[in-house]
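quick one, fold the following:
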Amino acid sequence: MMKRIASILAMTALMSVPAACEEAAPKKIVFIAGAKSHASGDHEFRAGCMLLAKALNEQSGLPVKAEVVGPNWGKDKSVMDGVDGVVVYCDASSAIKNDMEYLDGLAKKGVGLMFMHYAVHPTAEVGEKYYRPWMGAAMEDNFSVNPHWLAELKVMPGHPISEGVPEKFESFDEFYYNMRFIEDREKVLDLVTATPTRERMRRYINMWNWHGAEGMDSPQSLMWGYEREDGGRGVGFTGGHYHCNWGLDGFRTVVLNAIVWCAGMEVPEGGVKSEKVTEDQLNENLDDYGDKMVRVKLPDLEAVRKMPAAKIDQKREQRR
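As a prediction, the model looks like this:
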């Protein structure tokens, strides 16, 4: 009788092995990095994705497998087999423009979709049809703005993305604001906010308009989250112009937390772990600009604080 019981227990244990293995399978995250643009040190999409993927794979201690692909990823979509989260970091929709329906299919299956910096800026039509249903908001021409400013970022308290992140921290970046949100605005979470002021502005550039001026002194959503009815999550983050910002612990950690949350994972207590980034590491995997290459330095926020506030362009701020 005892032998029979032992045999049954052994068989039960063996039968549970596949289930246990399945539970331990790592989450798969694919970064879609766009082609080079702008200038050396700006819009370093591939280098930024490589840095974040390395942190997830080698430093976080999480059951996750992150992979970085380029703008031609759509030619072999097998890279998306079993994917749990997709992070898009490119100029506008350039790296996904031919694969909107495919990504929409992934979203409808509950796959998380996160867009960073310029990637939150589709055409108005694409924003309405895809982006807002995916992540709750998108940038829009003649409505959203793109100044360069020293923002004091505040993280949504109590939300998983706040783990291990200071309640507030500063970063100098081209932080877009005044996004076009879905009609049911309350369903979109303001994960990271900052309040633009004249004193914090350093450059008003091509998309500046009266909406930006009206948004002064009011909290603006710089990272937002959306839990879709299909069970998936969407995240938009407007920062990421200056590659050096990945050297800021709070900036890097809140983005890693958001990536993990968007992929349907539990953000660990204390946040997603990553090692401090050195200047040498910031200069790995940069796009090749030949003799126009620059060496990326770690952020110097004190120097930014000493910069004068940007001159106001009254003409561009006239209400239209």
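
where does this structure have low pLDDT?
Across the chain, the ranges flagged by pLDDT under 70 are 1-24.

what segments of it are strands?
Counting by DSSP state E, the chain has strands at residues 27-33, 64-69, 85-89, 112-116, 137-138, 148-155, 168-174, 180-181, 188-194, 201-203, 220-227, 233-237.

report the central residue of this structure.
Centroid-nearest residue in the chain, with Cα atoms, centre = their mean: residue 116, separated by 4.1 Å.

can I get the strands of the chain in CSV with distance to residue 294?
All C-beta spots, glycine's among them, are computed from the backbone N, C-alpha and C. Listed next are the strands of the chain as CSV, based on distance: least, Cβ to Cβ, whole Å:
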stretch, distance to residue 294
strand 27-33, 19
strand 64-69, 22
strand 85-89, 20
strand 112-116, 21
strand 137-138, 31
strand 148-155, 17
strand 168-174, 16
strand 180-181, 34
strand 188-194, 27
strand 201-203, 18
strand 220-227, 26
strand 233-237, 24
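
can you tell me which of those strands is nearest to residue 314?
For the strands of the chain, the distance to residue 314 is smallest for strand 201-203, at 14.0 Å, taking Cβ to Cβ.

so for that closest one, what gets flagged as buried?
residue 201 (16 or more other Cβ atoms under 10 Å).

so what does it touch, helix or strand wise?
Secondary-structure packing of strand 201-203 (3 or more Cβ pairs under 8 Å, 6 or more residues apart in numbering; DSSP states H and E): strand 148-155.

may I see the buried residues of the strand it packs on?
Using 16+ other Cβ under 10 Å as the test for burial, strand 148-155 gives 148-151, 153-155.

need the contact list for the nearest residue to residue 298 once chain neighbours are set aside.
Among residues not flanking residue 298 along the chain, residue 247 sits closest, at 4.6 Å (Cβ to Cβ, 6 or more residues apart in numbering). In this structure, residue 247 makes contact with 276-277, 279, 282, 298-299, judged by Cβ atoms under 8 Å, 6 or more residues apart in numbering.

what do you get for residue 151?
With contacts taken as Cβ under 8 Å, 6+ apart, residue 151 has the following neighbours: 170-173, 175, 194, 196, 200, 222.

redo the residues you listed as CSV? Include neighbour count and distance to residue 46.
Putting the contacts of residue 151 into CSV (neighbours: other Cβ atoms under 10 Å; distance: Cβ to Cβ, whole Å) gives the following:
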residue, neighbour count, distance to residue 46
170, 18, 26
171, 24, 21
172, 24, 22
173, 23, 18
175, 27, 22
194, 24, 27
196, 24, 30
200, 21, 30
222, 24, 23
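
make JSON lines out of these and add distance to residue 138.
Formatted as JSON lines, the contacts of residue 151 follow (distance: Cβ to Cβ, whole Å):
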{"residue": "170", "distance to residue 138": "26"}
{"residue": "171", "distance to residue 138": "22"}
{"residue": "172", "distance to residue 138": "24"}
{"residue": "173", "distance to residue 138": "18"}
{"residue": "175", "distance to residue 138": "15"}
{"residue": "194", "distance to residue 138": "19"}
{"residue": "196", "distance to residue 138": "19"}
{"residue": "200", "distance to residue 138": "24"}
{"residue": "222", "distance to residue 138": "14"}
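
which one of those residues is nearest residue 135?
The shortest approach to residue 135 among the contacts of residue 151 belongs to residue 222, at 13.6 Å (Cβ to Cβ).

the closest one touches residue 192, doesn't it?
Yes. With contact taken as Cβ atoms under 8 Å, residue 222 and residue 192 are classed as touching, separated by 5.0 Å.

joint contacts of the two?
Shared contacts of residue 222 and residue 192 (Cβ under 8 Å, 6+ apart): 153, 237.

could you single out the nearest of the contacts of residue 151 to residue 214?
For residue 214, the nearest member of these is residue 196. The distance, counting by Cβ to Cβ, is 10.6 Å.

quick one: contacts for that closest one?
Taking Cβ under 8 Å, 6+ apart as the contact definition, residue 196 lies against 147, 149, 151, 177, 212, 215-218, 220.

if anything else comes up later, I'll come back, but that's it for now.
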